[in-house]
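> Sequence and computational prediction follow.
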Amino acid sequence: MKEIIAYEMLYNKALKYQNDIICVPFQKEYWNEYMKIYNECFYKMRKALEVEPLCFL
C-alpha cells in the first residue's frame, strides 16, 4: 500500500444538495446492493493506492 500524507482539506464553494434524500437504517437485505455500490465508488482509488482487497464481496 502506498503512503498517503494529508494534513488539511479545504472546500471553499457553496454546498449543493437536494432535500429528496431518504435515509433509512441499515437493513441486512440491502447488503449486496450496498457492497456493489461501494466497490464501484472506490475501486479506482483502492487500485491506485494498492489497497487490498480491491473489492469486497
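The structure has been received and is ready for your questions. None of the values given here were measured: they were computed from a predicted structure.
> can you list contacts of stretch 43-57?
Residues from elsewhere that reach stretch 43-57 (Cβ atoms under 8 Å, 6 or more residues apart in numbering): 1, 2, 4, 35, 38, 39. Any C-beta I mention is one placed from the backbone N, CA and C, and that applies to glycine too.
> Redo those residues as TSV? Include pLDDT, neighbour count and secondary structure.
Output for the contacts of stretch 43-57, formatted as TSV (pLDDT from 0 to 100; neighbours: other Cβ atoms under 10 Å; DSSP: H, G, I helix; E, B strand; the rest coil):
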residue	pLDDT	neighbour count	secondary structure
1	78	8	coil
2	80	7	coil
4	77	7	coil
35	91	13	helix
38	91	12	helix
39	93	15	helix
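> which one of the residues you listed is nearest residue 16?
The closest of those to residue 16 turns out to be residue 38 (Cβ to Cβ; 23.2 Å).
> Relative to residue 23, how far out is that closest one?
Remark: distance between residue 38 and residue 23 (Cβ to Cβ, to the nearest Å) = 17 Å.
> Please enumerate the helices of the chain.
All helices of the chain, identified by DSSP state H, fall at 31-48.
> Quick check: pLDDT value at residue 42.
Per-residue confidence for residue 42 comes out at a pLDDT of 91.
> actually residue 32, sorry about that
For residue 32, pLDDT reads 91.
> contacting residues for it?
So, once contact is read as Cβ under 8 Å, 6+ apart, residue 32 ends up touching nothing.
> how many other residues sit next to residue 51?
13 (other Cβ atoms under 10 Å).
> let me fix that: residue 12
The local packing count at residue 12 equals 4, with neighbours defined by other Cβ under 10 Å.
> can you check residue 55 too?
Number of residues near residue 55 (other Cβ under 10 Å) recorded here: 14.
> hang on, the earlier thing: and the contacts of stretch 43-57 as TSV, adding distance to residue 29?
Supplementary listing: these in TSV, determined by distance: Cβ to Cβ, whole Å:
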residue	distance to residue 29
1	33
2	36
4	35
35	13
38	16
39	18
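> Lovely, talk soon.
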